[in-house]
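> no FASTA, just this:
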């Protein structure tokens, strides 16, 4: 696992850009967000002062693509959770028909309720809607 501190401590600017690209691609960060942009700009400034800006930019883009592919591989292998899939699977959705409109109703899970409400039977998901 790549740690951001190890990347920042790297002396070789090209290797630093490549590793940072892998980190950004692997964890799905966006380049224009605050801390990612700041680190990337500092790497680019350092590369410009050394006269190797194009090589560093190419190394970063290549590393980002490698990280993105690794992220997809891990998600498909079940090693990394996709946030969207996790959020969708948490709720039980019922579609109800009232009048001329369809409504989606999401029932909270028992663990999401405050502790003092968990014991009330009326707040639980109705048995006939659970399918059991």
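Structure received. Since the model is a prediction, treat every value here as computed from it, not as a measurement.

> shaky segments in this protein?
1, 80-127, 129-132 (pLDDT under 70).

> would you map the helices across it?
Secondary structure of the chain, counting by DSSP state H: helices at 4-9, 13-27, 34-50, 53-77, 83-90, 127-130.

> isn't residue 43 up against residue 63?
No - contact criterion C-beta atoms under 8 Å: residue 43 and residue 63 do not qualify, at 11.2 Å. To be clear about C-beta, it is placed using only N, CA and C from the backbone, and glycine gets the same treatment.

> hey, what's in contact with both of those two?
Listed as contacting both residue 43 and residue 63 by C-beta atoms under 8 Å, 6 or more residues apart in numbering are 17, 20.

> can you redo the helices of the chain as JSON lines with mean neighbour count?
Below are the helices of the chain laid out as JSON lines (neighbours: other C-beta atoms under 10 Å):
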{"stretch": "helix 4-9", "mean neighbour count": "12"}
{"stretch": "helix 13-27", "mean neighbour count": "21"}
{"stretch": "helix 34-50", "mean neighbour count": "14"}
{"stretch": "helix 53-77", "mean neighbour count": "16"}
{"stretch": "helix 83-90", "mean neighbour count": "9"}
{"stretch": "helix 127-130", "mean neighbour count": "9"}
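
> residues touching stretch 12-21, excluding its own?
By C-beta under 8 Å, 6+ apart, the list of residues contacting stretch 12-21 from outside reads 2, 6-8, 10, 39-40, 43, 46-47, 50, 52, 55-57, 59-67.

> repeat for stretch 72-82
residue 71.
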